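Engineer: how would this look folded up:
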Amino acid sequence: MDRPDYERELLAKGYTAVAGVDEVGRGPLAGPVVCAAVILPVEETRLIAGVNDSKQLSKKVRERLAEEIRATARAYAIAEVGEDVIDEINILQATRLCMKRAVLSLALSPDFVVTDGNMRLDIPMPQTSVVKGDARIYSVGAASILAKVYRDALMARYAEEYPAYGFERNAGYGTAEHIRAIGEVGICKIHRKTFVKKFLAGTPKTTSANT
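Structural biologist: Residues are numbered from 1 along each chain as shown. Next up, the predicted model:
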């Protein structure tokens, strides 16, 4: 999926700046949800080969494509919503908020927005949502790549601060290694308390940054 057919249909209807939006990190036990919005050119000479759902790509390919997307995009923005807000308003509402922030942070304001999944955003622009849009819509796939590369790098930095959990390997997801670490040393500042309650019986409440 590396052709902007959907975007070209919208441009043919009179829209001029179509933004694709996607998130990464709805499921992890720790770290923020991250969203990206991107407006890409659709001229044949400026297309980026290989854009796809970020989960279908290797780390090396994702990083190469993210660099090309950032260099080629008419505009892109990345937003994050942290564990404190996720715990307060729930992950679905946090994801909507994150997507909204990404869209409204674009240097070029879009006149149509396409989101992945089934998301209705509180934004003033016309919008639609496409299930599995990251694998079907060019700009949404590009957004998924930007969000994934950004979040993976962020979690690798958190791994240096909280080395007990293997964040550089699991990106905060509930792997056996991660769950075992919670059982042994408790949680750290970036854990989502509403996500880890069932793992906390008999463990310390929090750990220090040097754990």
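Engineer: could you say what helices and strands the helix of greatest length in the chain packs with?
Structural biologist: Longest helix in the chain, counting residues (DSSP state H): helix 138-161. Applying 3 or more CB pairs under 8 Å, 6 or more residues apart in numbering; DSSP states H and E, one finds that helix 138-161 makes contact with helix 5-12, strand 18-24, strand 33-39, helix 59-72, strand 75-81, strand 112-116, helix 133-136, helix 167-170. Where you see a C-beta, it was placed from the backbone N, CA and C, and this is true even at glycine.
Engineer: mind listing what's buried in the last one?
Structural biologist: Right, helix 167-170. Phe167, Asn170 (16 or more other CB atoms under 10 Å).
Engineer: hmm, who's touching it?
Structural biologist: Ala30, Gly31, Met155, Ala156, Tyr158, Ala159, Thr175, Glu177, His178 (CB atoms under 8 Å, 6 or more residues apart in numbering).
Engineer: Please repeat the previous calculation with a cut-off of 10 Å.
Structural biologist: With contact meaning CB atoms under 10 Å, 6 or more residues apart in numbering, helix 167-170 is reached by 28-31, 152-161, 173, 175-179, 181, 188, 190.
Engineer: Would you write a ChimeraX line that selects the buried entries of the residues you listed?
Structural biologist: A single ChimeraX command selects the buried members of the contacts of helix 167-170 (16+ other CB under 10 Å):
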select :28,29,30,31,152,154,155,158,159,173,175,178,179,181,188,190
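Engineer: Do me a favour and average the pLDDT over the longest helix of the chain.
Structural biologist: Helix 138-161 carries an average pLDDT of 97.
Engineer: Off-centre distance for it?
Structural biologist: 6 Å (CA atoms, centre = their mean, to the nearest Å).
Engineer: can you check stretch 178-196 too?
Structural biologist: Worked out by CA atoms, centre = their mean, stretch 178-196 lies 21 Å from the chain centre.
Engineer: Go through that stretch and flag the buried ones.
Structural biologist: For stretch 178-196, by 16+ other CB under 10 Å, it's 178-179, 181-182, 185-188, 190-192, 195-196.
Engineer: Could you do stretch 101-110 as well?
Structural biologist: Arg101, Ala102, Val103, Leu104, Leu106, Pro110.
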